[in-house]
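Engineer: Sequence plus the predicted model coming up.
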Amino acid sequence: MNLNQIAYRLGVLGTVIILIWVGLFKFTAVEAEAIKGLVQNHFAMGWMYKLMSVQTVSNVIGIFEVVTGIGLILSFFNKKIGMYAGLASAIIFVTTLSFLATTPGVFKMVEGFPVTDFFILKDIPYLAISLMVYAKSKE
């Protein structure tokens, strides 16, 4: 296995860990409340609170993240699953990054310097890995 293959696998496994870990955390009341402000202000997700409870919305998101993480693991063995998992994870990370534009007050000034909730920015490299999985599955 060459360095490029090792780096790819490491990137995918890191993305899997984040998706499954954060996905499972969505089943807690603390995380359900923590994401409410992000989700309820999002044009494509806010409607869910009209149909489901705060915890149920968080659970649905968590299920999607965990299943996607499992799909990314399976992408090592099955290109078709990899295609769907790469696409699903790209959707997750594009959506999360879009919270920067849809959530009021997400940007603040600290000592004259603009800052944001930096945990969202971690999704930029995860989006790149998602697109790599999708592209690799198309080869």
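Structural biologist: Ah, there it is.
Engineer: What average pLDDT does stretch 77-85 get?
Structural biologist: For stretch 77-85, the mean pLDDT works out to 97.
Engineer: Actually, stretch 92-108.
Structural biologist: Rounded mean pLDDT across stretch 92-108 is 92.
Engineer: ok, now stretch 40-49?
Structural biologist: Stretch 40-49 shows a mean pLDDT of 96 in the predicted model.
Engineer: Any idea how far apart the tips of it sit?
Structural biologist: Between the start and the finish of stretch 40-49 there is a gap of 7 Å, counting by C-alpha to C-alpha, to the nearest Å.
Engineer: If you count neighbours, what's buried in it?
Structural biologist: Of all the residues in stretch 40-49, those buried under the rule 16 or more other C-beta atoms under 10 Å are 40-42, 45, 48. Placement of C-beta: from N, CA and C, glycine included.
Engineer: ditto for stretch 7-22
Structural biologist: 8, 11-12, 15-16, 18-20, 22.
Engineer: In TSV: these, plus distance to residue 130.
Structural biologist: Output for the buried residues of stretch 7-22, formatted as TSV (distance: C-beta to C-beta, whole Å):
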residue	distance to residue 130
8	12
11	10
12	9
15	7
16	11
18	11
19	10
20	15
22	14
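Engineer: Going by distance to residue 65, which of the residues you listed wins?
Structural biologist: Using C-beta to C-beta, residue 19 comes nearest to residue 65 of those, at 4.8 Å.
Engineer: Downstream of the helix or strand where that closest one lies, the next helix or strand is which one?
Structural biologist: For residue 19, the host element (DSSP states H and E) is helix 3-25. Counting by DSSP H and E, the next helix or strand C-terminal to helix 3-25 is helix 29-40.
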